[in-house]
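> Next input, structure requested:
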Amino acid sequence: MSEAPDRIRLDKWLHFARFFKTRTLSAAQITGGHVRVNAARASKAAMTVGAGDVLTFTQGREIRVIRIMQTGTRRGPANEAQALYEDLSPPAGDTAAPAAIRAEGHGRPTKKDRRALDALKSGDG
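Here you go, the predicted model:
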């Protein structure tokens, strides 16, 4: 098996490292201006990257910060792909949306309010 090249196309590396399902998706993310290489916006999918470069991009709702450790030669299994990079992203906190603040007497009644209204109507309360 041949050795990994020193530099590789950015779209190809993102695909090899399994951040995007296809090279087309990774190229679209790059040309859309959503990927930064060493803090500089990458505008072309053919931009070359190598070991030591730091990538910043969004993936879903997360912002990923990745340091390239190896360039790789193929899109292999997940454990092989994880050896290509070091994840520098901050740990994800609580992703649940905060509870909606409801002003007293405004908006749709809550379940508790509805039960109280039902109790008043039936004469139980």
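> need the longest helix for the chain.
Using DSSP state H to define each element, the chain has its longest helix at helix 111-122.
> same question for that one, mean pLDDT?
Helix 111-122 shows a mean pLDDT of 89.
> mind saving the C-alpha coords of it as CSV?
The C-alpha trace of helix 111-122 is given here as CSV (Å, rounded to 0.1, in the frame of the first residue of the first chain):
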residue,chain,number,x,y,z
LYS,A,111,-52.2,21.7,31.0
LYS,A,112,-52.2,22.8,34.6
ASP,A,113,-54.3,25.9,33.7
ARG,A,114,-56.7,23.7,31.7
ARG,A,115,-57.2,21.3,34.6
ALA,A,116,-57.9,24.2,36.9
LEU,A,117,-60.5,25.6,34.4
ASP,A,118,-62.1,22.1,34.1
ALA,A,119,-62.3,21.9,37.8
LEU,A,120,-64.0,25.3,38.1
LYS,A,121,-66.5,24.4,35.4
SER,A,122,-67.5,21.1,37.0
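> helices or strands up against it?
Helix 111-122 sits against no helix or strand, with contacts defined as 3 or more Cβ pairs under 8 Å, 6 or more residues apart in numbering; DSSP states H and E. C-beta here means a position set from N, CA and C on the backbone, and glycine is covered the same way.
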